[in-house]
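**Q** Build me a structure from this.
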Amino acid sequence: MLRLRSSVAHHQADEFGALLRELEGVSRVVQQPDTSAPSAAFVFVADVEPVAADRLVEAVDKFGIGGEDYVLTRVEVVAPQHRHHFGEGGVDGFSWVEVIGQAKANSRLLARYLALITVSAVIAACGVITGSSILVVGAMAVSPDLLPICATSVGLVRRRFGLARRAFVTLVMGLGLVVVTAMVLSALLKWLGFLPDGFEVEESALSTLAKTDYTTVLVALAAGVAGMLAFETRASAAVGVAISVTTIPASAYLGVALGAGGIEHALGALVVLIINVTLLIVGGTMTLLAQRALPNRSGAPI
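**A** Residues are numbered from 1 along each chain as shown. All right, here's what the predicted structure looks like:
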């Protein structure tokens with residue numbers, strides 16, 4: 001459920017209130033004086049079904065209300081059971097407004113993103129060096145790379161190429177940081193003598209991370225679809241592991257190979273990484289395109 005809060009001039013109040021009440025998916029419209037406004041104005045508060053959010057924003061923009069005069073926030077609610085049975089805009093409805101908002105927020109190169117990606121790089125590098133799949137899975141759970149991947153797909157589908165470019169740069173910077181961190185860590189461990197004598201990355205139990213086959217394509221595409229669906233429903237924490245299985249291990253393997261001197265195997269891991277990132281974005285983009293082509297519960301295209 002979304003909640004609209006808008007400030008409207010006194011002479012527009014009646015017309016704006018009628019507009020909200022006529023919109024399908026908008027309910028519980030409340031009008032009250034805006035005591036914080038310097039001139040006479042009213043505040044409108046209304047509940048908005050997610051599937052109606054795009055229509056609402058379009059109607060509000062046409063009415064002439066500026067973006068600084070209204071805000072949509074998500075309110076976590078438990079929908080009554082009968083609404084699920086009759087399809088009356090459940091709590092998981094699709095809204096481009098929300099998806100684009102999330103994409104914008106997750107396209108930025110934030111310090112928290114860099115910190116999490118660095119931590120995941122250290123854990124994954126240790127997993128590659130020791131051949132521990134448990135550590136690699138732990139690194140995938142920590143990694144936040146799902147977010148810029150999905151943001152890139154959103155930007156491409158909505159033709160917001162500035163958003164797509166910014167998100168893709170964030171993704172590349174993050175994965176590049178994984179490679180550099182793993183490379184420096186493995187080189188440092190080798191110099192300090194902590195790596196076993198004659199350590200060869202190709203002898204690691206995880207050497208398949210530098211090899212491609214048909215499963216590479218299938219897993220990356222499936223992960224892209226799952227990641228985008230999770231991104232839309234704000235369940236990205238759980239499905240982020242599925243995305244990272246195609247990025248973090250290959251990035252860490254690439255870094256360890258470079259740090260330990262296995263250049264040939266580093267090239268193999270680089271190929272795997274490029275294929276996976278490309279197919280993740282393709283999978284996410286295809287998911288959004290399919291949703292845009294399908295009608296929503298109100299019968300209109302999403």
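
**Q** From now on I want contacts and neighbour counts done on CA atoms only, so please keep to that.
**A** Fine.

**Q** Can you give the distance of stretch 13-20 from its chain's centre?
**A** When C-alpha coordinates are averaged (CA atoms, centre = their mean, to the nearest Å), stretch 13-20 and its chain have centres 35 Å apart.

**Q** Touching that stretch from outside, list them.
**A** 8, 26, 29, 31, 41-42, 44, 56, 63 (CA atoms under 8 Å, 6 or more residues apart in numbering).

**Q** Buried ones among those residues?
**A** 8, 26, 29, 31, 41-42, 44, 56 (16 or more other CA atoms under 10 Å).

**Q** With distance to D145 as new columns, can those residues be given to me in CSV?
**A** Putting the buried ones among the contacts of stretch 13-20 into CSV (distance: CA to CA, whole Å) gives the following:
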residue, distance to D145
V8, 40
V26, 35
V29, 39
Q31, 42
A41, 44
F42, 43
F44, 38
L56, 32
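
**Q** Turn the residues you listed into JSON lines, columns for secondary structure, pLDDT and distance to R74.
**A** Converted to JSON lines, the buried ones among the contacts of stretch 13-20 look like this (DSSP: H, G, I helix; E, B strand; the rest coil; pLDDT from 0 to 100; distance: CA to CA, whole Å):
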{"residue": "V8", "secondary structure": "strand", "pLDDT": "87", "distance to R74": "21"}
{"residue": "V26", "secondary structure": "strand", "pLDDT": "88", "distance to R74": "14"}
{"residue": "V29", "secondary structure": "strand", "pLDDT": "89", "distance to R74": "16"}
{"residue": "Q31", "secondary structure": "strand", "pLDDT": "86", "distance to R74": "20"}
{"residue": "A41", "secondary structure": "strand", "pLDDT": "82", "distance to R74": "24"}
{"residue": "F42", "secondary structure": "strand", "pLDDT": "84", "distance to R74": "22"}
{"residue": "F44", "secondary structure": "strand", "pLDDT": "87", "distance to R74": "16"}
{"residue": "L56", "secondary structure": "helix", "pLDDT": "86", "distance to R74": "14"}
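
**Q** Closest one to T152 out of these, please.
**A** Proximity of those to T152 (CA to CA) peaks at L56, which lies at 25.2 Å.

**Q** Contacts only, for that closest one.
**A** Here L56 is in contact with 20, 23 (criterion: CA under 8 Å, 6+ apart).

**Q** so where's the stretch 101-250 of the chain shaky on pLDDT?
**A** 197-198, 203, 234-242 (pLDDT under 70).

**Q** and the helix or strand containing L254, how far from the chain's centre?
**A** Of the helices and strands defined by DSSP states H and E, L254 is found in helix 248-260. Centroid separation for helix 248-260 versus its chain: 24 Å, with CA atoms, centre = their mean.

**Q** just checking, next helix/strand downstream of that helix?
**A** Next along from helix 248-260, by DSSP H and E: helix 263-293.

**Q** Give me the buried positions along the helix or strand hosting L20.
**A** L20 is part of helix 13-22, with elements assigned from DSSP H and E. Across helix 13-22, burial judged by 16+ other CA under 10 Å covers 13, 16-17, 20.

**Q** Pull stretch 111-122 out as PDB, backbone CA atoms only.
**A** Extracted in PDB, the C-alpha atoms of stretch 111-122 (Å, rounded to 0.1, in the frame of the first residue of the first chain):
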ATOM      1  CA  ALA A 111      30.100   4.300   0.700                       C
ATOM      2  CA  ARG A 112      27.900   1.500   2.100                       C
ATOM      3  CA  TYR A 113      27.800  -0.200  -1.200                       C
ATOM      4  CA  LEU A 114      31.600  -0.100  -1.500                       C
ATOM      5  CA  ALA A 115      32.100  -1.300   2.100                       C
ATOM      6  CA  LEU A 116      29.800  -4.300   1.600                       C
ATOM      7  CA  ILE A 117      31.400  -5.200  -1.800                       C
ATOM      8  CA  THR A 118      34.900  -5.100  -0.200                       C
ATOM      9  CA  VAL A 119      33.800  -7.300   2.700                       C
ATOM     10  CA  SER A 120      32.300  -9.800   0.200                       C
ATOM     11  CA  ALA A 121      35.500  -9.700  -1.800                       C
ATOM     12  CA  VAL A 122      37.700 -10.600   1.200                       C
END
